[in-house]
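S.K.: Next comes the sequence, and after it the predicted model I'd like to discuss.
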Amino acid sequence: MLERELQPVEVPPFSAELAARTSELLDEPGTLTVEGLEKLVCRLAGRPDLWRPLVAVDRERRRYELLYEDERVDIWVLSWMPGQRTGFHDHDRSGVGLVCVQGELDEGSLAIGSEAETVRMTPGVSRRGAGGYIHAVSHRTGEPAVSIHAYSPPLAHVGQYRRDPQGRLRREPEHGRKELFDRTIAAASAAVAGSDG
């Protein structure tokens, strides 16, 4: 049953031309470090000729378009509309670099014993995290807001974090190409708080 749940979601084929031009920006051999991933997405931010053709406006679901992939890295352009967010998740063993290129996003991270921390991502603001880095990203402003994400090794699995009915935190494995939704901690906390009154 778990194998069936971890099947990838089909994404439209990427542009071979855009991928070839993107490959010219890859200057780090082997698996990229998180510093290398962050530098890569920042270089891509300055190349709207590469990412702008993949921007999509979709009010029903967050759109993610594959810009480039090889055996060591995959790079995605994500388009975010109002109300769209990932919920808390990790990238398993893949490091991540991400940058906002249009609009505004909020990136939240979990903190033990205190509220989740939030970083406002405006164009040019970048973030990075090693494998296991737990965060959540959500739309703030812009129709769409756009971000570029790079993963190394390529994103094969993610862990989606959920709060079970007893209030315990659970990590549920998902395929790395399956769209993430916010059915996690904040949503469950709001539901529990609403039932207490």
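M.R.: Ah, there it is. This structure is a prediction, so every number in the text was calculated from the model and none was measured. Residues are numbered from 1 along each chain as shown.

S.K.: Which strand or helix spans Ala111?
M.R.: Counting by DSSP states H and E, no helix or strand carries Ala111.

S.K.: avg pLDDT for stretch 89-101?
M.R.: When pLDDT is averaged over stretch 89-101, the result is 95.

S.K.: May I see the buried residues of it?
M.R.: Residues 89-92, 94-101 are the ones in stretch 89-101 that count as buried (16 or more other Cβ atoms under 10 Å). C-betas here are computed from N, CA, C, even on glycine.

S.K.: Then stretch 54-62?
M.R.: So for stretch 54-62, counting by 16+ other Cβ under 10 Å, buried means 54-56, 62.

S.K.: what's across from Leu98 in the sheet?
M.R.: Arg127, His149 (DSSP bridges).

S.K.: quick revisit: what is the nearest of the buried residues of stretch 54-62 to Leu169?
M.R.: Relative to Leu169, the closest of the buried residues of stretch 54-62 is Arg62; by Cβ to Cβ it sits at 23.3 Å.

S.K.: Please tell me how far that closest one sits from Ala19.
M.R.: 22 Å (Cβ to Cβ, to the nearest Å).

S.K.: returning to what we had before: closest to Ala111 out of the buried residues of stretch 89-101?
M.R.: Asp90 (14.9 Å).

S.K.: got the contact list for the closest one?
M.R.: Residues in contact with Asp90 (Cβ atoms under 8 Å, 6 or more residues apart in numbering) are 131-135, 158-159, 161, 171.

S.K.: What's the ChimeraX syntax to select whichever of these are buried?
M.R.: In ChimeraX syntax, the buried subset of these is picked out as below (16+ other Cβ under 10 Å):
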select :133,134,135,158,159,161
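
S.K.: I'd like the buried residues of stretch 89-101 as JSON lines, with distance to Asp27 and secondary structure appended.
M.R.: Listed next are the buried residues of stretch 89-101 as JSON lines, based on distance: Cβ to Cβ, whole Å; DSSP: H, G, I helix; E, B strand; the rest coil:
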{"residue": "His89", "distance to Asp27": "29", "secondary structure": "strand"}
{"residue": "Asp90", "distance to Asp27": "27", "secondary structure": "strand"}
{"residue": "His91", "distance to Asp27": "22", "secondary structure": "coil"}
{"residue": "Asp92", "distance to Asp27": "25", "secondary structure": "coil"}
{"residue": "Ser94", "distance to Asp27": "19", "secondary structure": "coil"}
{"residue": "Gly95", "distance to Asp27": "16", "secondary structure": "strand"}
{"residue": "Val96", "distance to Asp27": "19", "secondary structure": "strand"}
{"residue": "Gly97", "distance to Asp27": "14", "secondary structure": "strand"}
{"residue": "Leu98", "distance to Asp27": "19", "secondary structure": "strand"}
{"residue": "Val99", "distance to Asp27": "17", "secondary structure": "strand"}
{"residue": "Cys100", "distance to Asp27": "23", "secondary structure": "strand"}
{"residue": "Val101", "distance to Asp27": "20", "secondary structure": "strand"}
